[in-house]
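S.K.: Kindly generate the corresponding structure for this input.
(chains A, B, C and D, ligands or ions: 2)
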2 protein chains.
Amino acid sequence: MKMSEGVEWAAHVCILLHWLQADDATPVPAARLAEAYDLPAPYLVKQVQALTRAGITESVSGVRGGLRLARPAGEITLMDVVTAVEGGAEAFACTEIRKQGMNAERPASDFRGPCGIAHAMRQAELAWRRHLASVTIAALADATPSSVPHDARRHFSRA
Amino acid sequence: MKMSEGVEWAAHVCILLHWLQADDATPVPAARLAEAYDLPAPYLVKQVQALTRAGITESVSGVRGGLRLARPAGEITLMDVVTAVEGGAEAFACTEIRKQGMNAERPASDFRGPCGIAHAMRQAELAWRRHLASVTIAALADATPSSVPHDARRHFSRA
DNA sequence: CAAACCTGGATAAGTTCTGTCCAGGTTACG
DNA sequence: CGTAACCTGGACAGAACTTATCCAGGTTTG
Ligand code: SF4
Ligand code: SF4
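M.R.: Ligands and ions are numbered 1, 2, ... in the order given. Purely as a prediction, here's the structure:
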């Protein structure tokens, strides 16, 4: 029950891209993003590749290329970022142990449909997902004191 | 974002104990529980030890000892079982990367309080926990076709 | 064509999960 | 009392996943 560290990185990257794109939408090289948060560049690249594959970011090849958000930050949710980085698999993976051991000879018809455990786990996870889906990158960015994004823009312009 | 397999085992063990204790409350040896679901006995023991430490089950030492539920199944929730087995740590572990890199020289006062990301993650996880806390072992047991618990009792009595 | 940038795959190190084992301790029962 | 059934905790492999690095392409600018 541990979320990968890449989620935090990816979320920050999205927010940062949103700030930097206030005016124009020139792409930002992944190496610069890594440097901005002092992260291992090659690994961060792997994570943003996942974002790109998920359609959250767009990549531009070639000189002066880089990354930019593929859609407005208001249409990107934390849920999108989490699923992009972590994969969409459910946290609770049922292995159907009820069919083993003492119940091995029981007819399959006794086990049609998911049992209560699996169902409850799925519902709980849905509640979690719904909550994450209600938070957009734009909302997170707006909740930050304005000096931070301002300095971020300055940091990226001089260089 | 993956839940340990032990959670499924532990949940089944709790339900099974509840069924077997319909009348009396004689403890059940862990080895028998493992056999009932065809699980590796030594490892299952590890998981139920976690249940015992969390006060969900009680263990009885000595000959004819074993495990029993420490309180009525209606007062044991899925949340209890999950935290017992998985530990109470939060899924999203913030590493405060916002303080690194370009913001390294920013005064600590700019970062007081958790940021939006950490807050949203915490809220989502709370929603998940609340949902799990609303499901009791008794409710799960009741939702199973009655032939299954009946056979379970038979399976454990002859032997 | 060179330099800056991305992509994907291979690979290694580190950590967690899964599973086993053993040396104690406790109780029932003959 | 001694043995057998049962639990506990810790130590220890092996598998699996996470984290991190590297390299051989491909694309675009100038
Ligand atoms: S009873 Fe439920 S949790 Fe258990 S194995 Fe079957 S589906 Fe999975
Ligand atoms: S900004 Fe939020 S998510 Fe990022 S490091 Fe700080 S507290 Fe963690």
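S.K.: okay, and for chain A, where does confidence drop off?
M.R.: Within chain A, the segments meeting pLDDT under 70 span A:159.
S.K.: Could you check the angle the helix ranked longest in it makes with helix B:116-133?
M.R.: In chain A, taking DSSP state H as the definition, the longest helix is helix A:116-133. Helix A:116-133 and helix B:116-133 meet at an angle of 160 degrees, taking axes from the mean of the first three to the mean of the last three C-alpha atoms, to 10 degrees as the criterion.
S.K.: and helix A:116-133, anywhere near ligand 2?
M.R.: No. Judged by C-beta under 6 Å from any ligand atom, helix A:116-133 makes no contact with ligand 2; its nearest approach is 13.6 Å. Bear in mind the C-beta positions are built from the backbone N, C-alpha and C, glycine included.
S.K.: Check which helices and strands that helix sits against.
M.R.: Secondary structure elements in contact with helix A:116-133, counted by 3 or more C-beta pairs under 8 Å, 6 or more residues apart in numbering or on different chains; DSSP states H and E, are helix A:78-86, helix B:5-20, helix B:78-86, helix B:116-133, helix B:137-142.
S.K.: Go through it and flag the buried ones.
M.R.: Burial within helix A:116-133, assessed by neighbour count using 16 or more other C-beta atoms under 10 Å in any protein chain shown, is assigned to A:Gly116, A:Ile117, A:Ala118, A:Ala120, A:Met121, A:Ala124, A:Glu125, A:Ala127, A:Trp128, A:Arg129, A:His131, A:Leu132.
S.K.: any residues touching stretch A:39-53, and which ones?
M.R.: With contacts defined as C-beta atoms under 8 Å, 6 or more residues apart in numbering or on different chains, stretch A:39-53 is touched by A:6, A:9-10, A:13-14, A:30-31, A:33-35, A:57-59, A:67, A:81, A:84-85, B:97, B:100-101.
S.K.: Apply 6 Å and report the result again.
M.R.: Counting by C-beta atoms under 6 Å, 6 or more residues apart in numbering or on different chains, stretch A:39-53 makes contact with A:Gly6, A:Trp9, A:Ala10, A:Ala30, A:Ala31, A:Ala34, A:Thr57, A:Ser59, A:Ala84, A:Val85, all of which sit outside it.
S.K.: Same check on stretch A:75-82?
M.R.: Taking C-beta under 6 Å, 6+ apart as the rule, stretch A:75-82 contacts A:Val7, A:Ala10, A:Ala11, A:Ile56, A:Arg129, A:Leu132, A:Ala133, A:Val135, A:Thr136, A:Ile137, B:Ala120.
S.K.: A:Arg64: neighbouring residues, count only.
M.R.: 8 (other C-beta atoms under 10 Å in any protein chain shown).
S.K.: now A:Cys94
M.R.: With neighbours defined by other C-beta under 10 Å, the count for A:Cys94 comes to 16.
S.K.: isn't it right up against A:Ala120?
M.R.: No. Checked against C-beta atoms under 6 Å, the pair A:Cys94 and A:Ala120 is beyond contact range at 11.3 Å.
S.K.: and the buried residues of helix A:116-133 as TSV, adding distance to B:Val48?
M.R.: Compiled in TSV, those are given as follows (distance: C-beta to C-beta, whole Å):
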residue	distance to B:Val48
A:Gly116	20
A:Ile117	16
A:Ala118	21
A:Ala120	20
A:Met121	20
A:Ala124	23
A:Glu125	25
A:Ala127	28
A:Trp128	27
A:Arg129	31
A:His131	32
A:Leu132	33
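S.K.: filter those residues down to the ones close to ligand 1.
M.R.: Subset of those in contact with ligand 1: A:Ile117, A:Ala118, counting by C-beta under 6 Å from any ligand atom.
S.K.: Filtering the buried residues of helix A:116-133 by proximity to DNA strand C, which remain?
M.R.: When C-beta under 7 Å from any atom of the strand is taken as the criterion, no member of the buried residues of helix A:116-133 contacts DNA strand C.
S.K.: Return the member of the buried residues of helix A:116-133 nearest to DNA strand C.
M.R.: Closest to DNA strand C out of the buried residues of helix A:116-133 is A:Met121 (14.7 Å), distances taken as C-beta to the nearest atom of the strand.
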